[in-house]
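In: Show me the folded form of this:
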Amino acid sequence: MNRIHIEGAIPLPPPEKARRQSKDGQDHEQKKKHFQHLLQPPSPSTQLKEDLNPSLSPLREKWADYHIVSGVLTGTVIRVSFAQKGFVVRLTCPGDIIKKRVLGLSKRWERELVRIGIPCFLEVSDATTSPP
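Out: Model prediction:
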């Protein structure tokens, strides 16, 4: 029986693919070092959430909206804005089914972004209750 990746329920790659991924891991580290000067030193996750919480951050001048037009997340609007110490990513979903899917993935996405050195705070909202 193959071992599976618990979070995503994706089977582990074959050994030859694992060797390639270890090389990709080295590439990832090189990219991380290359962009290190753009990132601030990491802070504890609780402090990070307080710093990036949009209700606590009055300066939200720069932002960009992205609209997903195909796939299972069709209709979702992604608003990326800058906070004082990172990014705020708000996912506005058109319905409950899509919102449940995104909620299931949002913590993992946030954790992965913070892990690679991109401080962020993810929010998931419903399009009917809050404007984008």
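In: Domain-wise, how is the protein divided?
Out: Here the domain parsing of the chain from automatic domain parsing is 1-38, 40-132.
In: looking at these, which one has the lowest mean pLDDT?
Out: In terms of average pLDDT, domain 1-38 trails the rest of the domains of the chain, at a mean of 60.
In: which residues of this structure fall in strands?
Out: 4-5, 10-11, 63-67, 77-83, 86-93, 120-126 (DSSP state E).
In: Make CSV out of these and add distance to residue 33.
Out: C-beta coordinates here come from the backbone N, C-alpha and C atoms, glycine included. Putting the strands of the chain into CSV (distance: least, Cβ to Cβ, whole Å) gives the following:
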stretch, distance to residue 33
strand 4-5, 26
strand 10-11, 28
strand 63-67, 27
strand 77-83, 23
strand 86-93, 19
strand 120-126, 20
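In: Now tabulate these in a markdown table and tack on distance to residue 30 and mean neighbour count.
Out: Formatted as a markdown table, the strands of the chain follow (distance: least, Cβ to Cβ, whole Å; neighbours: other Cβ atoms under 10 Å):
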| stretch | distance to residue 30 | mean neighbour count |
| --- | --- | --- |
| strand 4-5 | 24 | 10 |
| strand 10-11 | 25 | 10 |
| strand 63-67 | 27 | 11 |
| strand 77-83 | 25 | 17 |
| strand 86-93 | 22 | 21 |
| strand 120-126 | 22 | 18 |
